[in-house]
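Undergrad: heads up, no residue letters with this:
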Ligand SMILES: [Ca+2]
């Protein structure tokens, strides 16, 4: 999957590499001048993304989830070099623009919606699947 910019001569600004299976995102490439910044996804057995790491295997962003997948996005280690110890700085959106979170499904932080292909899950005070006709497949 690619994200391009520029209508006349589009350039690839972002790419994702996937492994076998569904929702198995592995690598994020972001254009940085003439090169690409590379980030790797660290996931649990359900492919829920726990962290993004850089080429040096250092965590650059980490994630925690409530039941049903509402994310907490951790953008800093709290200044002590350790992640997952409870003192991380958090944000409402990914500083890396990472859309893949709980079970590697896409997360829209603007409207707190988890895209589950045929239905989206709304993380509202009353968490629920949005009813109505299923979304059309994204091409
Ligand atoms: Ca820490």
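TA: Arrived safely, thanks for sending. Nothing here was measured: the structure is a model prediction, and the numbers come from that model.
Undergrad: Tell me which stretches of the chain form helices.
TA: With DSSP state H as the definition, the chain shows no helices.
Undergrad: That one against the ion: which residues are in contact?
TA: 77, 78, 80, 82, 85, 87 (Cβ under 5 Å from the ion). Where you see a C-beta, it was placed from the backbone N, CA and C, and this is true even at glycine.
Undergrad: Using TSV, lay out these together with distance to residue 16.
TA: Converted to TSV, those look like this (distance: Cβ to Cβ, whole Å):
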residue	distance to residue 16
77	25
78	29
80	31
82	28
85	29
87	31
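Undergrad: mind listing the strands for the protein?
TA: Under the criterion DSSP state E, strands of the chain are mapped to 2-5, 11-18, 25-32, 35-43, 49-53, 59-65, 71-76, 89-91, 106-108, 113-116, 119-122, 128-129.
Undergrad: how about those strands in a markdown table, adding mean neighbour count and mean pLDDT?
TA: Putting these into a markdown table (neighbours: other Cβ atoms under 10 Å; pLDDT from 0 to 100) gives the following:
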| stretch | mean neighbour count | mean pLDDT |
| --- | --- | --- |
| strand 2-5 | 12 | 68 |
| strand 11-18 | 14 | 92 |
| strand 25-32 | 16 | 95 |
| strand 35-43 | 16 | 96 |
| strand 49-53 | 20 | 97 |
| strand 59-65 | 19 | 97 |
| strand 71-76 | 18 | 95 |
| strand 89-91 | 13 | 95 |
| strand 106-108 | 19 | 90 |
| strand 113-116 | 18 | 86 |
| strand 119-122 | 18 | 82 |
| strand 128-129 | 12 | 66 |
